[in-house]
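# next comes the sequence, and after it the predicted model I'd like to discuss.
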Amino acid sequence: MIKRILIVDDSPVSIKILKSCIPKDRGYEFFDAADGRHGVEAFRRIRPELTFMDLTMPVMNGFDALQEIIGIDEGAIVVVATADVQVRAIARAHELGAFSVLRKPPRKDNVAAVIDQVEAALKERG
Amino acid sequence: MQTDAPKTMITAEETDILQEIMNIAFGRAASDLGEYIDIFVILSVPYVRLLKSSDLPPYISAEIKDYDDISLVEQRFWGKFKGAAFLVFPSDAGKKILSLLDGSEEYLESDPISELVKETFREVSNILIGACIGKIAELLGDVITYSPPRVVMDRCQQSFISENIFDDDSLAIVLRTVFEFNEKNVNGFLFIVTSEESFAWLKTALHNFLDQYDL
């Protein structure tokens, strides 16, 4: 079950928009980080059940951060939330272990569907 | 060349929204280009800046200072969002991009390289600028018309922007993104400049964009 959600994105507006699309009645605790490096540090510290990861960020991009997070915890659930909708970018995110890819700008129904998929995956793991 | 334009004309939050919209728009443009030629575009974080129009040419020159000679494509656009877009490449990029299109690495003396390269720039710009501006307009609820692209090849970088884009006293918002065509190690810049005339509409449109979310 999801308790903690980490959002890694360099845009404060983008973080607000994504948060606004997440169902509000489930008592999730939110954390955020402004680049990949801080995202990895936050992941290590918080161990969220779900991480949303932007790709195009300063300091450390989302691909590298995703790779590091999967290196820390192979079972980490990272949903890439990105404006980079190139086929190869999406394929690379999957290769690196992303759970799924969410296109920006996010929509409530898409985000809710992803969260339901994550909940189902966590339930299956037990 | 540093601007002393009033920063309050566009707030930090508006800058952030515009940056995010540019990010989404250029991501879509890169994807569209990838459907046309087999290419992966490495994207960077877009940058938004408010400048006096008279500071625009030196600003852009400073940004591309590493390029001696450049080729550029300029395209004007009109709607409530109105301005000009400049796609700038180092001079040697043309043949590299052309080879991505036709698969050749070498060309015969008789090949009309210059024309082919020019046409390549025109096509790439039509896709990148068209998709990017089109997506910005779509997200902000506008409809845009475009001028045909103007291609300028192999020019010294100091003197490339067509004169009098806007009145010298007016302000301009510059959206800048840097990108790299991975396979050919080609870097380029896209500058989108919108005039002061568009500011009032733009500010409202940015807030409308945000208002669709329950923040």
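Great, that's in hand. Residues are numbered from 1 along each chain as shown, chains lettered A, B, ... in the order given.
# in the lengthiest helix in chain A, what's buried?
Identified as the longest helix of chain A according to DSSP state H is helix A:108-125. For helix A:108-125, a neighbour-count test (16 or more other C-beta atoms under 10 Å in any protein chain shown) marks A:Val111, A:Val114, A:Ile115, A:Val118 as buried. Yep, even glycine has a C-beta here, placed from its N, CA and C like the rest.
# do the same with stretch B:181-194
B:Phe181, B:Val186, B:Asn187, B:Gly188, B:Phe189, B:Leu190, B:Phe191, B:Ile192, B:Val193, B:Thr194.
# quick check: mean pLDDT across that stretch?
When pLDDT is averaged along stretch B:181-194, the result is 84.
# that one: how far from the chain's middle?
From the chain centre to the centre of stretch B:181-194 is a distance of 8 Å (C-alpha atoms, centre = their mean, to the nearest Å).
# got the contact list for the residue in chain A positioned nearest to chain B?
Residue of chain A nearest chain B, by C-beta to the nearest C-beta: A:Ala83 (3.4 Å). For A:Ala83, the contacting residues are A:Leu55, A:Thr56, A:Arg103, A:Lys104, B:Glu20, B:Asn23, B:Ile24, B:Ala25, B:Phe26, B:Gly27, B:Arg28, B:Leu43, by C-beta atoms under 8 Å, 6 or more residues apart in numbering or on different chains.
# let's see that with 7 Å instead.
A:Thr56, A:Lys104, B:Asn23, B:Ile24, B:Gly27 (C-beta atoms under 7 Å, 6 or more residues apart in numbering or on different chains).
# and chain A, which residues reach chain B?
Proximity of chain A to chain B, by C-beta under 7 Å from any C-beta of the partner chain, involves residues A:10-14, A:16-17, A:20, A:56-58, A:83-88, A:104-105.
# are any of those buried, and if so which?
Applying 16+ other C-beta under 10 Å to the residues of chain A next to chain B flags A:10-11, A:13-14, A:16-17, A:20, A:56-57, A:83-86, A:88, A:104-105 as buried.
# of these, which is the nearest to B:Ser99?
Lowest distance from B:Ser99 to those (C-beta to C-beta) belongs to A:Arg88, with 18.8 Å.
# ok, the residue of chain A closest to chain B to A:Ile15 distance?
Separation of A:Ala83 from A:Ile15 (C-beta to C-beta, to the nearest Å): 14 Å.
# and if you look at B:Arg155?
Taken as C-beta to C-beta, the span from B:Arg155 to A:Ile15 is 42 Å.
# neighbour count winner among those two?
A count of neighbours by other C-beta atoms under 10 Å in any protein chain shown puts A:Ile15 above the other of B:Arg155 and A:Ile15, at 20 against 13.
# sec struct for that one, please.
Secondary structure assignment for A:Ile15 (DSSP: H, G, I helix; E, B strand; the rest coil): helix.
# output the strand or helix carrying B:Arg155 as PDB, nothing but the C-alphas.
Applying DSSP states H and E as the criterion places B:Arg155 in strand B:150-156. The C-alpha trace of strand B:150-156 is given here as PDB (Å, rounded to 0.1, in the frame of the first residue of the first chain):
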ATOM      1  CA  ARG B 150      13.800  32.200 -43.600                       C
ATOM      2  CA  VAL B 151      17.000  30.200 -43.800                       C
ATOM      3  CA  VAL B 152      20.400  32.000 -43.500                       C
ATOM      4  CA  MET B 153      23.400  29.900 -44.100                       C
ATOM      5  CA  ASP B 154      27.000  30.200 -42.900                       C
ATOM      6  CA  ARG B 155      26.900  33.600 -41.500                       C
ATOM      7  CA  CYS B 156      29.100  35.300 -38.900                       C
END
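# in chain B, what residue is nearest chain A?
Closest point on chain B to chain A, by C-beta to the nearest C-beta, is B:Gly27, at 3.4 Å.
# neighbours around that residue, how many?
Quick note: B:Gly27 (other C-beta under 10 Å) scores 27 neighbours.
# surely it meets A:Ala89?
No. Here B:Gly27 does not reach A:Ala89: they are 8.3 Å apart, not a contact under C-beta atoms under 7 Å.
# for stretch B:135-144, measure first residue to last.
10 Å (C-alpha to C-alpha, to the nearest Å).
# can you map out the strands along chain B?
For chain B, strands defined by DSSP state E occupy the ranges B:41-43, B:47-52, B:69-78, B:83-90, B:145-146, B:150-156, B:171-181, B:186-195.
# sorry, slip of the keys, the one I care about is chain A.
Ranges of strands in chain A, per DSSP E, are A:4-8, A:29-33, A:50-53, A:78-82, A:100-103.
# pull up the residues of chain B that are close to chain A.
B:13, B:16-17, B:19-20, B:23-24, B:27-28, B:30-31, B:34, B:40-41, B:43-45, B:213-215.
# go again with 8 Å.
By the rule C-beta under 8 Å from any C-beta of the partner chain, the part of chain B lying against chain A is B:13, B:16-17, B:19-20, B:23-28, B:30-31, B:34, B:40-41, B:43-45, B:139, B:210, B:213-215.
# make a PyMOL selection of the buried ones in those residues.
To isolate the buried ones among these in PyMOL, judged by 16+ other C-beta under 10 Å, type:
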select buried, chain B and resi 16+17+19+20+23+24+25+26+27+28+30+31+34+40+41+43+44+45+139+210+213
